[in-house]
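A.B. asks: Sequence first, predicted coordinates after that:
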Amino acid sequence: MFAPITRRNCRYRHASIVLTSTVAMATCVLAADKTPSGQILLEVDWKSAAAAATPVPVLEPDGADAAKLSMLRLPVLAFAGIPQLVKNVAGPRPKQIEDRQVVVDPKQPYWYQITEIYDGITVGISADRRVNQKVDRDFQIGERKSGAAATLGSTEKPNVSITDGRSEEGMEGLLITYTVHKFPDIPYTVNIECAKRAVSQCKDLNVITQDEGLLRVISMGAGK
């Protein structure tokens, strides 16, 4: 489901307004930054991503997940620790009840998805550098902030979307979604699914804000 967008001024010379393939938004990219097939890619500030990287890999011990992420052409943002929201639902020492899911496409190394499943709560994060310029004008309303100003912990916070049975008929639990923009405008979307029994714990926006601080670059991938 696309979020409302609008046109805004570009910060890059000779750049154009475009829309990401994962979330509808206005942003700027350099026309020269494309996939081999010619699809435009969002620019990456690799220096700032490297500065934000965590020195300790968090996808070990087997190394298989880290190997998947090492082929990517974007910084990999993930929770460098167990979010407090997960601890509130699954206990102080929560263990994953299923293997971590790390999804990438070696032929299109510009996106990824990481999902961790605990008792009563599932946490996922995804990102995509590819953009889609075919935007329906009906979506071109509203405006988002870019770069650091768009992160959850900043003064100007992005919207945290909470969907439950009141807004989605038949839904027993709830879904929390928010997007932070990094390096400077790559959209990283966090999705948190909570079971019915965990609804009250999952609606704590203060905890969600606190957990955003755990997002770290856990892999620089293969770079540009």
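C.D. replies: Right, received. Where do you want to start?

A.B. asks: Could you pull out the helices in the chain for me?
C.D. replies: Under the criterion DSSP state H, the chain contains helices at 46-52, 64-69, 84-90, 199-202, 205-212.

A.B. asks: what is the rounded mean pLDDT of the shortest one?
C.D. replies: Pointing back at helix 199-202 there. Averaged across helix 199-202, pLDDT comes to 90.

A.B. asks: Buried residues of it, list them for me.
C.D. replies: For helix 199-202, burial by neighbour count (16 or more other C-beta atoms under 10 Å) applies to 199, 201-202. For the C-beta atoms, the positions are set from N, CA and C on the backbone; glycine is no exception.

A.B. asks: Repeat that for stretch 215-223.
C.D. replies: 215-221.

A.B. asks: Show the end-to-end separation of it, please.
C.D. replies: End-to-end span of stretch 215-223 (C-alpha to C-alpha, to the nearest Å): 19 Å.

A.B. asks: can you tell me the average pLDDT over that stretch?
C.D. replies: On average, stretch 215-223 scores 90.

A.B. asks: Stretch 179-193 now?
C.D. replies: The pLDDT scores in stretch 179-193 average 94.

A.B. asks: what's the answer for stretch 129-137, then?
C.D. replies: Summarised as a single mean, pLDDT over stretch 129-137 is 61.

A.B. asks: what's the answer for stretch 40-60, then?
C.D. replies: Across stretch 40-60, the average pLDDT comes to 85.

A.B. asks: Buried residues, it. List them.
C.D. replies: 40-45, 48-49, 53, 59.

A.B. asks: And stretch 102-114, by the same measure?
C.D. replies: Those would be 102, 104, 108-114, for stretch 102-114 by 16+ other C-beta under 10 Å.
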